[in-house]
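Asker: generate coordinates for the sequence data below:
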Amino acid sequence: MIRLLILTPVAAFVIIGILLYRLNLEREYMNKGQSSVKAAMDNSGFTSTENSNKRTRQKFALNVRQGVSQIREQLEYVYEQNQRMMGRIEEQKRALEDQRRSAQAIRDEIGRRSGLNIDLARAKELADTFDDQRRFLIANGQEMAQMNDQMRMRMDSLKAQMEAVDLLQETRQHMIRDRMETLQERVKDLMDQNTIKVDDARQKAEEQKRAVEERVSDQMLRIKEQAMDQKRQEQ
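Answerer: Next up, the predicted model:
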């Protein structure tokens, strides 16, 4: 049981170390992988690099959360085992204390009645053995309590680093959203400018069409007048 209680926190420490190592790698990757928003966008509204980074961050966050969940389960198991162990230690301490008192009473009684040095030495040795066992159990309990404190501190540190990662991801998402809004505004401005140019071209085309129609109408009228004049002259 004691070996199980010792190996379980060690496994939890190994898992925490792996998560911290991956967390540092992710931070370096995110710091180096910051890219500006490009004009070419896919159907989701983000660049391919941003989609890849987003999937990587989501996968990393999922792995970290799963690791944290596993660590919490291990810690809960260790805590329950420690509580049981501490209860057993307390029971053994009380039993050893009762045995020590009984041994002391026997030693005192032997000393009062018979004064046999051999029995006194055995009783003293038995009492010393009980004291050694009691001190060992107390030291073991203190060591387990210190291990629990260290695990709690590591969990608090990991939680703080997870919050920092979430904050960094949220900041990057805000930056990407702002850049996308700026790009959309620019596209809208360009479309508005193109619409104005198209309207101007259409208006000019209509004016040119009217001018051509007026010229054609004038020419037809002059031709008609000339034909009528020629007809009158012939008469």
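
Asker: helices of this structure, residue ranges please.
Answerer: Ranges of helices within the chain are 2-32, 48-113, 117-234, based on DSSP state H.

Asker: mean pLDDT for the ones you listed: which is lowest?
Answerer: Of all the helices of the chain, the minimum mean pLDDT falls on helix 2-32 (a mean of 57).

Asker: run through the residues that contact Arg135.
Answerer: The contact partners of Arg135, taken as CB atoms under 8 Å, 6 or more residues apart in numbering, number zero. Backbone N, C-alpha and C define where each C-beta goes, glycine included.

Asker: so how far is Met153 from it?
Answerer: 27 Å (CB to CB, to the nearest Å).

Asker: repeat for Gln203
Answerer: In terms of CB to CB, Gln203 sits 75 Å off from Met153.

Asker: ok, now Leu96?
Answerer: From Leu96 to Met153 the distance is 32 Å (CB to CB).

Asker: so between those two, which is more surrounded?
Answerer: Leu96 (20 against 10; other CB atoms under 10 Å).

Asker: you'd agree the more buried one is up against Asp132?
Answerer: No: Leu96 lies out of contact with Asp132 (CB atoms under 8 Å); the separation is 9.7 Å.

Asker: any shared contact partners between these two?
Answerer: Counting by CB under 8 Å, 6+ apart, nothing touches both Leu96 and Asp132.

Asker: tell me the pLDDT of Ala40.
Answerer: Value for Ala40, per-residue pLDDT: 36.

Asker: send me stretch 175-185 as PDB with only the CA atoms.
Answerer: C-alpha atoms of stretch 175-185 as PDB (Å, rounded to 0.1, in the frame of the first residue of the first chain):
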ATOM      1  CA  MET A 175      -6.500  40.400 -33.100                       C
ATOM      2  CA  ILE A 176      -7.600  38.200 -35.900                       C
ATOM      3  CA  ARG A 177     -11.200  39.400 -35.600                       C
ATOM      4  CA  ASP A 178     -10.100  43.100 -35.700                       C
ATOM      5  CA  ARG A 179      -7.900  42.400 -38.800                       C
ATOM      6  CA  MET A 180     -10.800  40.600 -40.500                       C
ATOM      7  CA  GLU A 181     -13.100  43.500 -39.800                       C
ATOM      8  CA  THR A 182     -10.600  46.000 -41.200                       C
ATOM      9  CA  LEU A 183     -10.200  43.800 -44.300                       C
ATOM     10  CA  GLN A 184     -13.900  43.600 -44.800                       C
ATOM     11  CA  GLU A 185     -14.200  47.400 -44.500                       C
END
